[in-house]
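Peer 1: Got a predicted structure plus its sequence, pasted below:
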Amino acid sequence: MSCTIDKILTDARTLLERLKEHDTAAESLIDQSAVLHRRVAAMREAGAGCADQGPGPAAEPPDPSRLRPHVVLAQENTQIRDLQQENRELWVSLEEHQDALELIMSKYRKQMLQLLEGRKREEAEPVLKVHQANSG
């Protein structure tokens, strides 16, 4: 094994490059942990702010980005439940309107048939056949 100065210098450069990469990675991790620390502090502050406010009425809703995730999810779940209830009520209303419309239309058809039967049978016969085909 020959140990030349060129080989030592090449190895030193390689080690230096690796150290620079590790240093850059370490700095990146430090920056990320600082950002995470600030977010945790903001969440704690928002949690303390919510606890201090109590159940009293708020002037304006809090900023969702400052609330804890489970608080935001609870609010969204409440909104979803409200929308589902409103949706059920609208479906019931729609069904009631459809039933009322069907009743009105059946009475209208019945009156029109009585009117047509009062006229000459020859004129009303095609209409009576169509009605009987649809109703029977």
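Peer 2: Good, I have the coordinates.

Peer 1: which residues of this structure score low on pLDDT?
Peer 2: For the chain, the stretches flagged by pLDDT under 70 are 1, 49-67, 119-124, 136.

Peer 1: burial measure for Val72, as a count.
Peer 2: 14 (other C-beta atoms under 10 Å). C-beta: built from backbone N, CA, C; applies to glycine.

Peer 1: any idea which element it lies in?
Peer 2: Applying DSSP states H and E as the criterion places Val72 in helix 69-118.

Peer 1: Which is the succeeding secondary structure element to that helix?
Peer 2: Assigned by DSSP H and E, the successor of helix 69-118 is helix 121-135.

Peer 1: hmm, back to that, quick one, the helix holding Val72 and helix 121-135 angle?
Peer 2: Helix 69-118 and helix 121-135 meet at an angle of 150 degrees, taking axes from the mean of the first three to the mean of the last three C-alpha atoms, to 10 degrees as the criterion.

Peer 1: Remind me what helix 69-118 packs against, helices and strands.
Peer 2: Applying 3 or more C-beta pairs under 8 Å, 6 or more residues apart in numbering; DSSP states H and E, one finds that helix 69-118 makes contact with helix 121-135.

Peer 1: How far does the helix it packs on sit from its chain's centre?
Peer 2: How far helix 121-135 lies from its chain's middle: 52 Å, per C-alpha atoms, centre = their mean, to the nearest Å.

Peer 1: List the contacts of that helix.
Peer 2: 109, 113, 116-117 (C-beta atoms under 8 Å, 6 or more residues apart in numbering).

Peer 1: again with stretch 76-85
Peer 2: Contacts for stretch 76-85 (C-beta under 8 Å, 6+ apart): none.

Peer 1: measure Gln32 to Ala25 for me?
Peer 2: Applying C-beta to C-beta, to the nearest Å, the value for Gln32 to Ala25 is 11 Å.

Peer 1: With Pro126 instead?
Peer 2: For Pro126, the distance to Ala25 - C-beta to C-beta - is 88 Å.
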